[in-house]
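[1] sequence unknown, structure follows:
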Ligand SMILES: Nc1ncnc2c1ncn2[C@@H]1O[C@H](COP(=O)(O)OP(=O)(O)OP(=O)(O)O)[C@@H](O)[C@H]1O
């Protein structure tokens with residue numbers, strides 16, 4: 001795997017009551033890259049992201065390694081942009097004070113200096129009249145401005161890594177792209193890497209350097225985003241891409257039939273096999289390990305059989321709209 005990593009995750013396992021939701025996941029985050037983690041609901045994306053932050057839910061047991069452990073420096077070297085911008089801000093404190101507190105918590109700086117940094121951070125994310133808006137409360141901000149303030153807070157201490165957990169869920173396409181652009185710009189401005197958790201393949205397009213596709217707690221495919229999107233090598237990735245609206249051919253979408261297995265209900269073999277149009281006998285007996293395939297990692301016994309484009313494979317069983 002990659003040598004110059006900002007952070008390396010090896011054989012990460014996360015379980016609740018002995019049932020594994022993340023099942024032996026290994027990947028690197030490179031300095032300054034945008035790594036998107038995609039997959040359907042329940043794939044283990046959020047748990048993986050939260051493990052990086054040391055913010056797993058109570059009851060989770062883990063094994064494997066994450067090194068270095070940036071979670072020991074949360075707020076300084078690693079920070080979170082959560083799904084819900086409102087919940088990230090305290091309703092009873094002025095936005096500028098919250099940002100200043102975040103700055104002061106890691107740097108030995110005066111209140112005045114922290115306040116100046118807060119205003120600068122709000123200005124940097126494009127909040128107009130930042131000095132005045134810093135004195136306002138979150139409820140006086142629009143939804144879009146709150147989102148900007150949260151991104152300002154996550155980047156104020158110039159962390160090495162920003163983790164954004166579904167930051168654009170429930171946003172329309174235009175707002176989603178605006179938020180992703182802003183996140184990308186801010187990451188660039190402070191020199192951080194970004195781990196972007198999303199179930200939305202469209203969010204990966206144009207916004208990520210590499211993409212990690214997860215299914216049932218495992219790596220399915222990991223590689224350069226433009227290459228993976230242009231030519232997926234794992235049937236699951238192809239299925240996710242076939243589900244995109246621009247691939248609609250008048251037939252009903254989504255293209256992937258069925259739902260992912262819940263943790264603890266896995267049958268032997270590849271977890272995707274029951275939904276996979278390419279599944280063969282081997283797929284029902286042994287779980288595929290990630291292997292190097294043309295500059296990326298692919299965990300599929302049948303990757304060589306995947307046609308290109310693979311869209312038809314998933315759409316052919318689709319019903320007329
Ligand atoms: N607090 C918890 N207690 C028990 N099981 C949990 C808990 N959190 C997550 N899980 C299990 O882990 C699985 C993966 O959760 P995770 O939140 O990482 O999924 P995800 O890929 O981020 O999906 P989503 O997009 O729905 O958030 C869940 O489907 C659930 O079975």
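    That came in fine, so what should we check first? Note that this is a predicted model, so its numbers are computed, not measured. Numbering: from 1, shown residues only.

[2] around the ligand, which positions in this structure sit nearby?
    Selection of the chain residues close to the ligand by C-beta under 6 Å from any ligand atom yields 16, 21, 39, 41-47, 57, 59, 199, 262-263. For every residue, glycine as well, the C-beta is placed using N, CA and C.

[3] ok, residues contacting stretch 173-191?
    Contact partners of stretch 173-191, identified using C-beta atoms under 8 Å, 6 or more residues apart in numbering, comprise 32, 34, 81, 124-126, 144, 147-148, 151-152, 155, 158-159, 162, 164, 167-168, 171, 193-194, 196, 200, 202-203, 207.

[4] now intersect the residues you listed with the helices, please.
    Those of the contacts of stretch 173-191 mapping onto helices are 124, 144, 147, 148, 151, 152, 155, 202, 203, per DSSP state H.

[5] please tell me how far the last one sits from residue 176.
    Put plainly, it is residue 203. 6 Å (C-beta to C-beta, to the nearest Å).

[6] looking at the stretch 51-200 of the chain, which residue is nearest the ligand?
    Closest to the ligand within the stretch 51-200 of the chain is residue 57: 3.5 Å, counting by C-beta to the nearest ligand atom.

[7] apart from its chain neighbours, what residue comes closest to that residue?
    Leaving out its chain neighbours, the residue that sits closest to residue 57 by C-beta to C-beta, 6 or more residues apart in numbering is residue 50, at 7.5 Å.

[8] so residue 50: helix, strand or coil?
    Counting by DSSP: H, G, I helix; E, B strand; the rest coil, the backbone at residue 50 sits in helix.

[9] report the contact partners of residue 17.
    Applying C-beta under 8 Å, 6+ apart to residue 17 gives the contacts residue 59.

[10] need the pLDDT of it.
    On pLDDT, residue 17 comes in at 96.

[11] could you give the separation of the host helix or strand of residue 9 from the chain centroid?
    Per DSSP states H and E, residue 9 falls inside strand 7-16. What separates the centre of strand 7-16 from the centre of its chain is 15 Å, taken as C-alpha atoms, centre = their mean, to the nearest Å.

[12] then stretch 174-182?
    For stretch 174-182, the distance to the chain centre is 15 Å (C-alpha atoms, centre = their mean).

[13] pLDDT weak spots in the stretch 101-250 of the chain?
    Applying pLDDT under 70 to the stretch 101-250 of the chain picks out residues 245-250.

[14] let's see that with 90 instead.
    For the stretch 101-250 of the chain, residues meeting the criterion pLDDT under 90 lie at 105-109, 143-144, 166-179, 199-203, 206, 242-250.

[15] which residues in it form strands?
    Taking DSSP state E, counting those that start in this stretch, the strands of the stretch 101-250 of the chain run over residues 161-165, 193-198, 210-215, 218-224.

[16] got these as TSV, with mean neighbour count columns?
    Below are the strands of the stretch 101-250 of the chain laid out as TSV (neighbours: other C-beta atoms under 10 Å):
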stretch	mean neighbour count
strand 161-165	25
strand 193-198	26
strand 210-215	26
strand 218-224	23
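
[17] format the ones you listed as JSON lines; extra columns: distance to residue 294.
    Below are the strands of the stretch 101-250 of the chain laid out as JSON lines (distance: least, C-beta to C-beta, whole Å):
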{"stretch": "strand 161-165", "distance to residue 294": "28"}
{"stretch": "strand 193-198", "distance to residue 294": "24"}
{"stretch": "strand 210-215", "distance to residue 294": "14"}
{"stretch": "strand 218-224", "distance to residue 294": "8"}
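
[18] among those, which is nearest residue 86?
    Nearest to residue 86, of all the strands of the stretch 101-250 of the chain, is strand 161-165, at 14.5 Å by C-beta to C-beta.
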